[in-house]
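K.L.:
Dropping a prediction and its sequence here:
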Amino acid sequence: MDLYSFDACSSVCARMLRTFLPTTLAALTALSGMLDGSAALGGDWPQWMGPQRDNVWRETGIIESFPKEGPKILWRTPVAGGYSGPAVAGGKVFITDYVTSENVKVDNFDRKAFTGTERVLCLEESTGKVLWKHEYPVKYEISYPAGPRCTPAVEGDFVWTLGAEGHVYCFRISDGSVVWSRDLKSDYKTKSALWGYAAHPLIDGDNLLTLAGGEGSHIVALNKKSGKEVWKSGTAPEQGYCPPTIIEYAGVRQLICLRPDAVASINPDNGREYWSVPYEASNGSIIMSPVMVGEYLYVAGYSNKSVLLKMNSDKPGVTEVWRDKQNIICPVNVQPFVIGDVVYGFDQKGVMRAIQLPEGKRLWESTDVIGKRPAGSETAFLVQHEDHFWMFNELGELLIGQLSPDGYKEISRAKVIEPSNFAFGREVVWSMPAFANKHAYIRNDNEIICVDLAK
């Protein structure tokens, strides 16, 4: 009996859900909107890329352009260094940082050690007041050692965090008490990747899915309430940086893992592998989450590495279409966005591009979002809102613009925060904002701010 047959029962259930669930959800959404439209469309930002982990902001009543004087900053709260974005849920904002007296604004490719303290901060959403914090000492031996990379994940009464050197915590939101913690490097006898633990963990049912590293434990599922290992899967040269991503295809939930040496699909319930395709990522750098364009799975990373896979429709499996095309989108810092058969995003070259799949045809490229000649790894995070996009660029500017197969059109922009870190000979701020409850929550290495975007 092969693995697919073994999972046949769950596959049938998945097909049934795939058939009936969208209609049911649509009906419930419509009913909710009729009962209370504002409540139905408002919402928190409880994890990386938002409520549905898709970089779509679904609120209404948001400004369509900035006033001449710029948007109002409602509050500012001091924080220390970090690339991690905030999570917003239940009237609270969660953010992580790294406090150290040493100069960490360096590339640090030789893994020099820095000493400091990682912190988890819980703020009052309305005022920015610190409600509680948890601190623990950490020695950094990673490149770009400013601070943690991963956005906290919030669900119910708990919040989970992952630090840059592999410290996983589950906190009780009410008082900040530690429910459980794990040291992934120690537990799985490994070391951190060059750029640290940067793959945002994913809550899936009763489990927290996170990259770990080590023999047979590239990715692990931990019980979200106890921290106990449920399963582990895969071996790779190092962890890599791609966040766990679950898709449904061929009637089966598939957890797509972009290891530094392969693209793999595994069963998220037990860790068993469905299929894998060899793929060499330079420096282990597949950072993006894989994206689906129709029946195609697109993956790309550092040094212009890319692969397009056609998904089998009858049972889990793929056929390779092409790899390592030139002049497409090989992301580094920014998750690309798909509309129809077009992928929009920032290439490692530092330009925004649109490519059409499956051909891999480049439709256009632009430097307008950053507004200067590209120097490499230019960054602007993309979030769709209604018929346009909100962007936050490395200069500390919020932008409103439109993306189409014909090009990029800017509507409005405003400077909201100062770049506070250093990369490629320039000052940058590389942290994904949260868009919640008609506000944007944005941090650099000195402060986190709340920006009013209500119409």
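P.N.:
Perfect, thanks for sending it.

K.L.:
Pretty sure L395 sits against V369.
P.N.:
No. In terms of Cβ atoms under 8 Å, L395 does not count as a neighbour of V369; the distance is 9.6 Å. C-betas here are computed from N, CA, C, even on glycine.

K.L.:
what helices or strands is the helix or strand hosting V88 leaning on?
P.N.:
According to DSSP states H and E, V88 maps onto strand 87-89. Packing contacts for strand 87-89, counted by 3 or more Cβ pairs under 8 Å, 6 or more residues apart in numbering; DSSP states H and E, involve strand 92-99, strand 153-155, strand 434-436.

K.L.:
which stretch among these comes nearest S186?
P.N.:
Nearest of the helices and strands packed on strand 87-89 to S186, taken as Cβ to Cβ: strand 92-99 at 19.2 Å.

K.L.:
most packed of the helices and strands packed on strand 87-89?
P.N.:
When you average the neighbours per residue for each of those (mean count of other Cβ atoms under 10 Å), strand 434-436 leads with a mean of 27.

K.L.:
Just checking: what are the partner strands of it?
P.N.:
strand 439-443 (antiparallel) (DSSP bridges).

K.L.:
What segments of this protein are helices?
P.N.:
With helices called from DSSP state H, the chain shows them at 3-6, 8-35, 37-41, 184-187.

K.L.:
Can you flag the weakest of the ones you listed by average pLDDT?
P.N.:
Sorting the helices of the chain by mean pLDDT places helix 37-41 lowest, at a mean of 34.

K.L.:
How far does stretch 209-224 sit from its chain's centre?
P.N.:
Stretch 209-224 sits 17 Å away from the centroid of its parent chain (Cα atoms, centre = their mean, to the nearest Å).

K.L.:
Can you give me the end-to-end span of that stretch?
P.N.:
For stretch 209-224, the first-to-last residue distance is 9 Å (Cα to Cα, to the nearest Å).

K.L.:
and what of stretch 76-86?
P.N.:
Chord length of stretch 76-86, first to last residue, is 14 Å (Cα to Cα).

K.L.:
now that stretch: mean pLDDT?
P.N.:
The pLDDT scores in stretch 76-86 average 98.

K.L.:
Equivalent analysis for stretch 162-172, please.
P.N.:
Mean predicted lDDT for stretch 162-172 stands at 98.

K.L.:
One more: stretch 310-320?
P.N.:
97.

K.L.:
coming back round to it: got a list of contacts for the strand holding V88?
P.N.:
By Cβ atoms under 8 Å, 6 or more residues apart in numbering, the residues outside strand 87-89 that reach it are 44-48, 93-95, 125, 151-154, 159, 434, 436-437, 441.

K.L.:
what does stretch 323-336 give?
P.N.:
Contacts of stretch 323-336 (Cβ under 8 Å, 6+ apart): 49, 55, 279, 285, 287-289, 291, 300-308, 343-348, 353, 355, 360, 362, 377, 379-382, 430.

K.L.:
Return the members of these classed as buried.
P.N.:
Among these, those scoring as buried are 49, 55, 279, 285, 287-289, 291, 300-302, 304-308, 343-348, 353, 355, 360, 362, 377, 379-382, 430 (criterion: 16 or more other Cβ atoms under 10 Å).

K.L.:
Keep only those of these that are in strands.
P.N.:
Counted as lying in strands by DSSP state E, out of these, are 291, 300-301, 305-308, 343-346, 353, 355, 362, 380-382.

K.L.:
OK, contacts around I63?
P.N.:
Per Cβ under 8 Å, 6+ apart, neighbours of I63: P71, L453, A454, K455.

K.L.:
could I get those as JSON lines with distance to N446, neighbour count and pLDDT?
P.N.:
Output for the contacts of I63, formatted as JSON lines (distance: Cβ to Cβ, whole Å; neighbours: other Cβ atoms under 10 Å; pLDDT from 0 to 100):
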{"residue": "P71", "distance to N446": "19", "neighbour count": "18", "pLDDT": "98"}
{"residue": "L453", "distance to N446": "22", "neighbour count": "22", "pLDDT": "98"}
{"residue": "A454", "distance to N446": "26", "neighbour count": "12", "pLDDT": "98"}
{"residue": "K455", "distance to N446": "30", "neighbour count": "8", "pLDDT": "94"}
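
K.L.:
what's the pLDDT at the closest residue to W132 other than its chain neighbours?
P.N.:
Sequence neighbours aside, G176 is the residue nearest to W132 in space, at 3.4 Å (criterion: Cβ to Cβ, 6 or more residues apart in numbering). pLDDT for G176: 98.

K.L.:
I'd guessed G176 sits against H134; true?
P.N.:
Yes. Here G176 reaches H134: they are 5.7 Å apart, a contact under Cβ under 8 Å.

K.L.:
Find residues that contact each of those two.
P.N.:
Joint contacts of G176 and H134 (Cβ under 8 Å, 6+ apart) are V120.

K.L.:
Could you list the low-pLDDT ranges of the stretch 101-250 of the chain?
P.N.:
The model of the stretch 101-250 of the chain has no residue with pLDDT under 70.

K.L.:
All set now, cheers.
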